[in-house]
Every structure is written in structure tokens, then in C-alpha cells.
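Trainee: With the input below, show me the fold.
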Amino acid sequence: MVYAITPLYALPVVAIYMVLWFRVSSARGTTGVSFGDGGDGELLQKIRQHGNCAEWSALVLILMMLAEGMGTPPIWLHISGALLVAGRIAHPFGLLPDNAGHPLRYVGNGTNLLAALNAMICIVLQTPGH
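Mentor: Numbering: from 1, shown residues only. Just a heads-up that it's a prediction; the model follows:
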């Protein structure tokens, strides 16, 4: 099976992941904290921005690969992929220590939840006997 659609979205998501990883790594160098957050709020924020990206990205990309491998029509894969990328761009800007209700946090989490649900439904609909 050649995957033609999922990689189109995996590449920008991995680029975002790498930027977030670099921010954590740089902050660790600046603070001298090699494990955990050392009580540094800014480092904790960067760790969670990166962690949230890792958690959602892996889940949605795996679901997209399964859906694509099962023959899901391309438009539905593009919907999940576009939602994932939009969420990964928005979320770090909305994950703020002093505003749990920031709109970009909702956009980030909401679009990723919709991307996962869309891919899950695609998998169910492609399941033999459905």
C-alpha cells in the first residue's frame, strides 16, 4: 500500500513538533533543568505544548493511515489532515498558564478531536460488513 495523502499532513505536523521540541530543548539549556520542569512555569508551558502535539499528532496520524489503508475516499482524509494541521498550529498559542479558556486552546483541541472522530468514522465505514 502506498500512502499518498497521510504523508502530506505528517510532514507539516512533524515540522511543528520539531519546532516545539527545539523550544523545550533550548529552555532546558537556558534553565539548566534536564528533567521535569524544575518549577519553571515557562518551561512547563513549553513541555505541555510539545507533549500535547506528540499526543494528538501520533493518534490522528495513525488513524489516518489506517483509514487510508482501508480505502477511505481522499476527501475525508484531507478533512482529518487539515483539521490536524490547523489544531497543531493553533494549540501552542492558546496553551497559556493564566488563561485556561483561551480560544486558540479550544480551536486546537476541538479541531484535533474532530480530526480523530472523522478518521474513526472512516475506519468504521470501511470495515468489511458495515
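Trainee: Model confidence score at the residue nearest to V14 when sequence neighbours are not counted, please.
Mentor: Leaving aside its sequence neighbours, V14 sits nearest to S57 (Cβ to Cβ, 6 or more residues apart in numbering; 7.8 Å). Every residue, glycine included, has its C-beta placed from N, CA and C. At S57, the model reports a pLDDT of 97.
Trainee: Show me what counts as buried in the helix or strand harbouring S57.
Mentor: Counting by DSSP states H and E, the element that carries S57 is helix 41-69. Buried residues in helix 41-69, defined by neighbour count with 16 or more other Cβ atoms under 10 Å: 43-50, 52-53, 56-57, 60-61, 63-68.
Trainee: now stretch 93-111
Mentor: For stretch 93-111, by 16+ other Cβ under 10 Å, it's G94, L95, H102, L104, R105, V107, G108, N109, G110, T111.
Trainee: Closest one of those residues to I5?
Mentor: Here the nearest of the buried residues of stretch 93-111 to I5, counting by Cβ to Cβ, is T111; it sits at 17.6 Å.
Trainee: ok, now how distant is the residue positioned nearest the centre of the chain from T127?
Mentor: Among the residues of the chain, the one closest to the centroid is S57, at 3.2 Å (Cα atoms, centre = their mean). Shown here: S57 relative to T127, a distance of 24 Å by Cβ to Cβ, to the nearest Å.
Trainee: Which of the buried residues of stretch 93-111 fall within strands?
Mentor: Among these, no member is found in strands (DSSP state E).
Trainee: Which of those sits closest to G81?
Mentor: Nearest member of those to G81, counting by Cβ to Cβ, is T111, at 11.0 Å.
Trainee: In space, what's closest to that closest one - neighbours in sequence excluded?
Mentor: Per Cβ to Cβ, 6+ apart, closest to T111 is G87, 3.6 Å.
Trainee: For the protein, give me the ranges with low pLDDT.
Mentor: The model of the chain has no residue with pLDDT under 70.
Trainee: which residues touch M1?
Mentor: By Cβ atoms under 8 Å, 6 or more residues apart in numbering, the residues touching M1 are E68, G69.
Trainee: so how far is L66 from it?
Mentor: With distances taken as Cβ to Cβ, M1 is found 11 Å from L66.
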